[in-house]
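**Student:** Quick one: sequence and predicted model below, then my questions.
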Amino acid sequence: MRLPPFAYERPRDLYEALELLNTFGKDCRVLAGGTDLLVRMKQGLATPSRLISLKDLPELATINESDGFLNIGTAVKLADILAYEPIQYRWPGLLEAVKSVGAPSIQHFSGTIGGNLCQDNRCQFYNQSKFFRQARQTCNKAGGNTCFAWKGGSDKCHSICQSDSAPILIAMDARITIKSKNESRTIPLEELYSSVGERPLTLADDEMLTEIHVPGPVPGAGCAFEKLTYRSSIDYAVVSAGAYVQTDGSKTVNARLIIGAVARGPLAIAAVEKTLKDRTAGDEEAIDQAGREAMNAAEAFIANNITQPVEYRTQMVSVITKRALSRATKRALSHTDVSEAK
Amino acid sequence: MSREIKLMLNGNQIFVAIEDNWTLLYLLREKLGLTGVKEGCGQGECGACTVIVDGLAVNSCIYFAVEVDGKDVLTIEGLAAADGTLHPLQKSFVENGGIQCGFCTPGMILSAKALLDENPQATEADIKQALAGNLCRCTGYVQIVESVEAVVDKSSEDINVVVRETGESG
């Protein structure tokens, strides 16, 4: 498969990159690694006339810790996150999510954290070759007005957000910095996602995600990421879940659960916090109940947008939720003192 | 846009004029005739196009040719010695039945080489992890993992056979 023609820009500093983004707006795309963008360009789904590469911007490729936050530049390669040693015992949920993306050959070079968060939504009827797509009407996401994934059709796009790092980072309450030529803002990560299938990110045409800020672990809290796939590598999730559980040593005091790969954006299940709060940490009945609630909440969003049947994915939301919550709780109970944890 | 890049390719420094929209796969296979680099899916899923860039196994189908400027690239063509003596990994794949149709083999061998260069004492789990991005539809993977393990078991002197002169990159 050949790529259509485009101009490749390699700015030397962030200012130059933002300047280019400001000048060319929606005619250009930011290129971090290319795992998602390059394939969509080959399929004719993205047709930028210009790519702005972040590969010469070392300021976007650093990992550091400051003021209790883990700060990850948008162009940091997934392999570099895995190699950052403190992540092993301080942010194990993030480690699980990053490890599950692609395979080592992708994590080395083309898989970046910013790219993973900013990848476009996917659907089995959309992410296909031109030839495949020509056999049907144009769908909502491609500029038409029908949806093949939603039973009976729909005037909205029902593609799904397949980012693996988003559910766990949102569960961990991560924040992101977004920059444009004239402005810089730091917002909670969940605000990056619009839950609109046609345009899943809230970024303006001249804006770029530059940094991710992950809060450090607190004593008594734990997180975990769970992903169901058919193959153990290079596979998108059937269902994924990021869980954060905080305990006071015996009772759950706070919990967050985000389900990935079922809705147009990462799906926060608010009922789970209410269910688990003030219950004994690790209580199986409470976790079972949380699983059912997650399944009920997710059911309304699941469309036929990947090859696995809708009914199966719905049931699996409960299973994956329970696994993620159980593991996060286990970690929370064993990490009562983070300074000693190793 | 057309531009000239410089790279070390299988031990030889080359200058080549490329277009911005060329992938590394297109440059190697279609323009330089290195047909050991295969195009399977073209989407970074199958690993048939794997080459080693600066010591790391990468998918050349989702790697822009312009980004290889100044780097050191190794394809399967550069693995055997000039007189045709096979690299221990190649020999092992032949001897242990790691090859059936052969389409995935260059990618498998290069992924395995990148692993063994970094960790000559790789365990079975390390090998499976390193080959996770390479699909094979014939062997069922058992013989492939055995082929790599057979090289690990040999003396380290044997593994580190220098089959090519590595020049300076950049």
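**Tutor:** It's in. Numbering: from 1, shown residues only, chains lettered A, B, ... in the order given.
**Student:** Roughly how far does A:F24 sit from A:E191?
**Tutor:** 25 Å (C-beta to C-beta, to the nearest Å). The C-beta positions use only the backbone N, C-alpha and C, and glycine is treated the same way.
**Student:** Give me the more crowded residue out of those two.
**Tutor:** A count of neighbours by other C-beta atoms under 10 Å in any protein chain shown puts A:F24 above the other of A:F24 and A:E191, at 18 against 13.
**Student:** all helices of the stretch 101-250 of chain A, in order?
**Tutor:** A:104-107, A:113-118, A:130-134, A:165-171 (DSSP state H, counting those that start in this stretch).
**Student:** which strands and helices sit next to the longest one?
**Tutor:** With contacts defined as 3 or more C-beta pairs under 8 Å, 6 or more residues apart in numbering or on different chains; DSSP states H and E, the secondary structure elements packing on helix A:165-171 are helix A:92-99, helix A:113-118, strand A:221-228, strand A:239-247, strand A:252-260.
**Student:** Can you name the residues in contact with that helix?
**Tutor:** Helix A:165-171 has contacts (C-beta atoms under 8 Å, 6 or more residues apart in numbering or on different chains) with A:93-94, A:96-98, A:101, A:113, A:116-117, A:188-190, A:193, A:212, A:214, A:223-225, A:240-244, A:256-260, A:266, A:268.
**Student:** Could I get the average pLDDT for that helix?
**Tutor:** Taken as a whole, helix A:165-171 has a mean pLDDT of 98.
**Student:** Now do B:K154, the pLDDT please.
**Tutor:** 77.
**Student:** distance of it from B:N134?
**Tutor:** From B:K154 to B:N134 the distance is 22 Å (C-beta to C-beta).
**Student:** between these two, who's got more neighbours?
**Tutor:** B:N134 (29 against 12).
**Student:** tell me the contacts of whichever residue of chain A sits closest to chain B?
**Tutor:** Using C-beta to the nearest C-beta, the closest approach of chain A to chain B is made by A:A103 at 2.9 Å. Applying C-beta under 8 Å, 6+ apart, we find A:A103 in contact with A:233-234, B:47, B:132-134.
**Student:** between those, which is nearest A:Q134?
**Tutor:** For those, the closest approach to A:Q134 (C-beta to C-beta) belongs to A:I234, at 26.9 Å.
**Student:** neighbours around that closest one, how many?
**Tutor:** The burial count for A:I234: 22, using other C-beta under 10 Å.
**Student:** Determine the longest helix present in chain B.
**Tutor:** helix B:105-118 (DSSP state H).
**Student:** Now the helix or strand just after that one: average pLDDT?
**Tutor:** Toward the C-terminal end, the helix or strand that comes next after helix B:105-118 (DSSP states H and E) is helix B:124-130. Helix B:124-130 shows a mean pLDDT of 95.
**Student:** touching chain A at all, the helix or strand just after helix B:124-130?
**Tutor:** Moving toward the C-terminus from helix B:124-130, the next helix or strand (DSSP H and E) is helix B:142-153. No: contact of helix B:142-153 with chain A (C-beta under 8 Å from any C-beta of the partner chain) is absent, the minimum separation being 14.1 Å.
**Student:** For the chain, which segments count as strands?
**Tutor:** This is for chain A. Ranges of strands in chain A, per DSSP state E, are A:7-9, A:28-31, A:50-53, A:63-66, A:69-73, A:175-179, A:184-188, A:208-215, A:221-228, A:239-247, A:252-260, A:267-268.
**Student:** Oops, wrong one, chain B.
**Tutor:** Under DSSP E, chain B gives strands at B:2-9, B:12-19, B:50-53, B:56-59, B:72-74.
**Student:** As CSV, these with mean pLDDT would be great.
**Tutor:** Listed next are those as CSV, based on pLDDT from 0 to 100:
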stretch, mean pLDDT
strand B:2-9, 96
strand B:12-19, 97
strand B:50-53, 97
strand B:56-59, 96
strand B:72-74, 97
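**Student:** Now distance to chain A and mean neighbour count too, for those strands, in JSON lines please.
**Tutor:** Below are the strands of chain B laid out as JSON lines (distance: least, C-beta to the nearest C-beta, whole Å; neighbours: other C-beta atoms under 10 Å in any protein chain shown):
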{"stretch": "strand B:2-9", "distance to chain A": "9", "mean neighbour count": "16"}
{"stretch": "strand B:12-19", "distance to chain A": "7", "mean neighbour count": "13"}
{"stretch": "strand B:50-53", "distance to chain A": "6", "mean neighbour count": "26"}
{"stretch": "strand B:56-59", "distance to chain A": "4", "mean neighbour count": "27"}
{"stretch": "strand B:72-74", "distance to chain A": "12", "mean neighbour count": "23"}
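**Student:** quick one, which of those is nearest to A:H108?
**Tutor:** With C-beta to C-beta as the yardstick, what comes closest out of the strands of chain B is strand B:56-59 (4.5 Å).
**Student:** Contact residues of chain B facing chain A?
**Tutor:** B:1, B:19-23, B:26, B:39, B:42-45, B:47, B:50, B:53, B:56-59, B:61-64, B:66-67, B:111, B:129-130, B:132-135.
**Student:** what's the burial count for A:E19?
**Tutor:** 15.
**Student:** For the closest residue to it other than its chain neighbours, give me its contacts.
**Tutor:** Counting by C-beta to C-beta, 6 or more residues apart in numbering or on different chains, A:K181 is the residue found nearest to A:E19 once chain neighbours are left out, at 5.9 Å. By C-beta under 8 Å, 6+ apart, the residues touching A:K181 are A:15, A:18-19, A:21-22, A:206.
**Student:** Kindly recompute the last result at 6 Å.
**Tutor:** A:18-19, A:22 (C-beta atoms under 6 Å, 6 or more residues apart in numbering or on different chains).
**Student:** Can you spell out which residues form a bridge with A:G242?
**Tutor:** A:F225, A:I258 (DSSP bridges).
**Student:** Which parts of chain B belong to which domain?
**Tutor:** B:2-77, B:88-159 (automatic domain parsing).
**Student:** can you give me the angle the longest helix along chain A makes with strand A:239-247?
**Tutor:** Criterion DSSP H: the longest helix present in chain A is helix A:310-334. In terms of direction (axes from the mean of the first three to the mean of the last three C-alpha atoms, to 10 degrees), helix A:310-334 departs from strand A:239-247 by 30 degrees.
**Student:** Stretch B:133-148 - what's its average pLDDT?
**Tutor:** pLDDT averaged over stretch B:133-148 gives 95.
**Student:** Tell me which residues are up against it.
**Tutor:** Contacts for stretch B:133-148 (C-beta under 6 Å, 6+ apart): A:103, A:105, A:234, B:46-47, B:92-93, B:96-98, B:100-101, B:104, B:107-108, B:111-112, B:127.
**Student:** Now the closest residue to chain A within chain B: closest residue in space that isn't a chain neighbour?
**Tutor:** Using C-beta to the nearest C-beta, the closest approach of chain B to chain A is made by B:G133 at 2.9 Å. Nearest residue to B:G133 in three dimensions, chain neighbours excluded: A:A103, at 2.9 Å (C-beta to C-beta, 6+ apart).
**Student:** Make TSV from the strands of chain A and add mean neighbour count to it.
**Tutor:** As requested, the strands of chain A are exported to TSV (neighbours: other C-beta atoms under 10 Å in any protein chain shown):
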stretch	mean neighbour count
strand A:7-9	17
strand A:28-31	22
strand A:50-53	21
strand A:63-66	12
strand A:69-73	22
strand A:175-179	20
strand A:184-188	12
strand A:208-215	22
strand A:221-228	25
strand A:239-247	29
strand A:252-260	25
strand A:267-268	22
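**Student:** Make CSV from those strands and add mean pLDDT to it.
**Tutor:** CSV is the format used below for those (pLDDT from 0 to 100):
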stretch, mean pLDDT
strand A:7-9, 95
strand A:28-31, 96
strand A:50-53, 96
strand A:63-66, 96
strand A:69-73, 98
strand A:175-179, 98
strand A:184-188, 98
strand A:208-215, 98
strand A:221-228, 97
strand A:239-247, 97
strand A:252-260, 97
strand A:267-268, 97
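**Student:** in stretch A:319-331, what's buried?
**Tutor:** A:319-329, A:331 (16 or more other C-beta atoms under 10 Å in any protein chain shown).
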